[in-house]
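Q: dropping the sequence and predicted coords here.
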There are 2 protein chains.
Amino acid sequence: MEPKNLLKRRVLRDDVAEYLMESILKGELNPGDKIIESKLARELSISQGAVREAIRDLIAQGVLETEPYKGTRIRTLSKEQLNDYYDVRTEIEALAVRWSIIKHQSKYLDLNFLKSCVDSMKYCVDNNDSKNMRKHDMAFHLAIVQAAHSESLEKAWNSLGNYYWTYIAVYYDHAASLLQAQVVKHRTMYDAIATADINAYANCVRGHYFDTNQLFPEKGNN
Amino acid sequence: MEPKNLLKRRVLRDDVAEYLMESILKGELNPGDKIIESKLARELSISQGAVREAIRDLIAQGVLETEPYKGTRIRTLSKEQLNDYYDVRTEIEALAVRWSIIKHQSKYLDLNFLKSCVDSMKYCVDNNDSKNMRKHDMAFHLAIVQAAHSESLEKAWNSLGNYYWTYIAVYYDHAASLLQAQVVKHRTMYDAIATADINAYANCVRGHYFDTNQLFPEKGNN
DNA sequence: AATTCATTAAATGTTAAAAATTTTCGCAAA
DNA sequence: TTTGCGAAAATTTTTAACATTTAATGAATT
């Protein structure tokens, strides 16, 4: 047995970061919006320092962006940047599948869990619960990345701000038909992994482009 | 013309982070060593808050690691972790070369600069200047990653803490013969890129393992 | 009308000190 | 010798106040 840290101590910055993420995911905060340290600190009845630390962490996760003395904003990506993001994420996940199969003989690949994720996604779509749908979506992809059993690969993947962007994409475009298509696509991914067909997985996961013009209609600056 | 930020404002945390990196690179701080905020703050005659922010940034870059209320240490990697790190880095750089050639027709690939990096590396090796040798080494690899013209890919690459680990590997093993071999290897990489031979590059850059048992001899805890 | 320049308010960066937690160390008991 | 307890010291976390910078406003000037 590995002596893992079962219970991690939580510090204030973790709560703030979580609160911010929730606000974003609930749509209360949108890409481009400014985050004012002092205001947020007052709102949560804590000090400015804790907020600053949370902000710094979210910047590292690719969710926020900042410039000295200018303030912090929720990161916005142009359509080119968003497609670039998906390209990189796709390559990393494809690599994860390859390694999980080739390097570790699928030792860390929990097919049952992956299947349950897809099933849950379908359930959520049928019940129009797009929020939880995204959670299962993320769980699916995270499980794949972790199956590669590579700390560095997981680090690289996390630096992309997946949790955020995966949500954003759906937030702006939650047509039921598209969600259904997502489920189908994930089922295909699952099949590819289950049969250890690395090429099939790569092909499936690639070419996953959004009509980002539709996602981010041009609008005035704040 | 793109309205880029030519001059970025510097804040204290940047100076602190730089100071810490220098200390590490000079060998004054070693993997596993603890960093005490209050002591460092006194040493630099600044407040503890600024140190904390710098630490948070270096954690994101994979250089430091921390646990709530327990403090911060310079990250140590087991030999398995170090090899894993190189595996991931290698894949990302190979991908960068592929994209720089296929997606952008080598538009952002500055062959002259790459060549100058290799030449500088050779010069440093001949003059036994391993420190600057590493700088040119890093410049070489960074240029390759940037040639892919992918913001997300560069982000992922940066999250690995390359600057730090590249140095560490050499710090512990600076046999001249090994440095010479490094130059040869980089020349081979350059040739592969110059002739747009993606496979050759991938083959060359792969299998770049260190004898990490030698690099990190077992020793007692601090 | 457009531009420059002081003034001012708001936000970020920085410092310093209090509060909370962990670590250390002495000492008694098994 | 080892183990366990408790107080003191060291360190991290959190707070609160202060300093600096930016952005906006408006008067003065060209």
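A: Thanks, I have the structure now. The shown structure was predicted, so the numbers you read here are calculated from the model rather than taken from an experiment. Residues are numbered from 1 along each chain as shown, chains lettered A, B, ... in the order given.

Q: touching, residue A:36 and residue A:73? I think so.
A: No: Residue A:36 is beyond contact range of residue A:73, at 10.4 Å (criterion: Cβ atoms under 8 Å). In short, each C-beta sits where N, CA and C put it, glycine included.

Q: the two: who's more crowded?
A: The neighbour comparison of residue A:36 against residue A:73 (other Cβ atoms under 10 Å in any protein chain shown) goes to residue A:73, with 17 against 13.

Q: now that one. Its backbone dihedrals?
A: Main-chain dihedrals, residue A:73, degrees, to the nearest 10: phi -130, psi 160.

Q: who's in contact with the nearest residue to residue A:56 once chain neighbours are set aside?
A: Among residues not flanking residue A:56 along the chain, residue B:56 sits closest, at 4.6 Å (Cβ to Cβ, 6 or more residues apart in numbering or on different chains). By Cβ atoms under 8 Å, 6 or more residues apart in numbering or on different chains, the residues touching residue B:56 are A:53, A:56-57, A:60.

Q: and what of residue A:98?
A: By Cβ under 8 Å, 6+ apart, the contact set of residue A:98 is residue A:198.

Q: any buried residues in the one helix or strand residue A:115 maps to, and which?
A: Following DSSP states H and E, one finds residue A:115 within helix A:111-126. Using 16 or more other Cβ atoms under 10 Å in any protein chain shown as the test for burial, helix A:111-126 gives A:114-115, A:117-118, A:120-122, A:124-125.

Q: same deal with stretch A:57-71?
A: For stretch A:57-71, by 16+ other Cβ under 10 Å, it's A:57-64.

Q: hang on, residue A:118 packs against residue A:190?
A: Yes: the pair formed by residue A:118 and residue A:190 meets the contact definition of Cβ under 8 Å, at 5.4 Å.

Q: residue A:57: what secondary structure?
A: At residue A:57 the chain is in helix, as set by DSSP: H, G, I helix; E, B strand; the rest coil.

Q: check the gap between the closest residue to it other than its chain neighbours and DNA strand C for me.
A: Of all residues not flanking residue A:57 in the chain, residue A:17 sits nearest, at 5.5 Å (Cβ to Cβ, 6+ apart). As defined by Cβ to the nearest atom of the strand, to the nearest Å, residue A:17 lies at a distance of 16 Å from DNA strand C.

Q: give me the contacts around the host helix or strand of residue A:17.
A: According to DSSP H and E, residue A:17 maps onto helix A:12-25. Contacts with helix A:12-25, where a contact means Cβ under 8 Å, 6+ apart, come from A:29-30, A:35, A:40, A:44, A:46, A:50-51, A:53-54, A:57-58, A:63, A:74, A:131, A:163-164, A:167.

Q: narrow those residues to those in helices?
A: Of those, the ones assigned to helices by DSSP state H are A:40, A:44, A:50-51, A:53-54, A:57-58, A:131, A:163-164, A:167.

Q: from these, pick the one nearest residue A:102.
A: Closest approach between these and residue A:102, by Cβ to Cβ: residue A:163, at 27.6 Å.

Q: what segments of chain A are strands?
A: A:34-35, A:64-67, A:71-74 (DSSP state E).

Q: which bits of chain A sit near DNA strand D?
A: Within chain A, the positions adjacent to DNA strand D are A:11-13, A:46-50, A:53, A:69-70 by Cβ under 7 Å from any atom of the strand.

Q: okay if I get these as TSV plus pLDDT?
A: Shown next, in TSV, are those (pLDDT from 0 to 100):
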residue	pLDDT
A:11	95
A:12	96
A:13	97
A:46	97
A:47	96
A:48	97
A:49	96
A:50	97
A:53	97
A:69	95
A:70	95
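
Q: separation between the closest residue to residue A:133 other than its chain neighbours and residue A:166?
A: Nearest residue to residue A:133 in three dimensions, chain neighbours excluded: residue A:124, at 3.7 Å (Cβ to Cβ, 6+ apart). As judged by Cβ to Cβ, to the nearest Å, residue A:124 and residue A:166 stand 14 Å apart.

Q: and what of residue A:47?
A: Noted for residue A:47: a distance of 32 Å to residue A:166, by Cβ to Cβ.

Q: neighbour count winner among the two?
A: residue A:166 (17 against 12).

Q: read off the pLDDT value for the more buried one.
A: Looking at residue A:166, its pLDDT is 71.

Q: pull out the buried residues from the ones in helices among the contacts of helix A:12-25.
A: A:40, A:44, A:50-51, A:53-54, A:57-58, A:163-164, A:167.

Q: which pair of those residues spans the longest distance?
A: A:50 and A:167 (24.4 Å).

Q: neighbours of residue A:127, how many?
A: With other Cβ under 10 Å as criterion, residue A:127 counts 10.

Q: can you check the one 5 residues further on too?
A: A count of nearby residues for residue A:132, using other Cβ under 10 Å, gives 14.

Q: state the distance from the residue of chain A found nearest DNA strand D to DNA strand C.
A: Closest contact between chain A and DNA strand D, by Cβ to the nearest atom of the strand, is at residue A:49 (2.7 Å). Separation of residue A:49 from DNA strand C (Cβ to the nearest atom of the strand): 6 Å.

Q: burial of that residue, as a residue count?
A: If we define neighbours as other Cβ under 10 Å, then residue A:49 has 16 of them.
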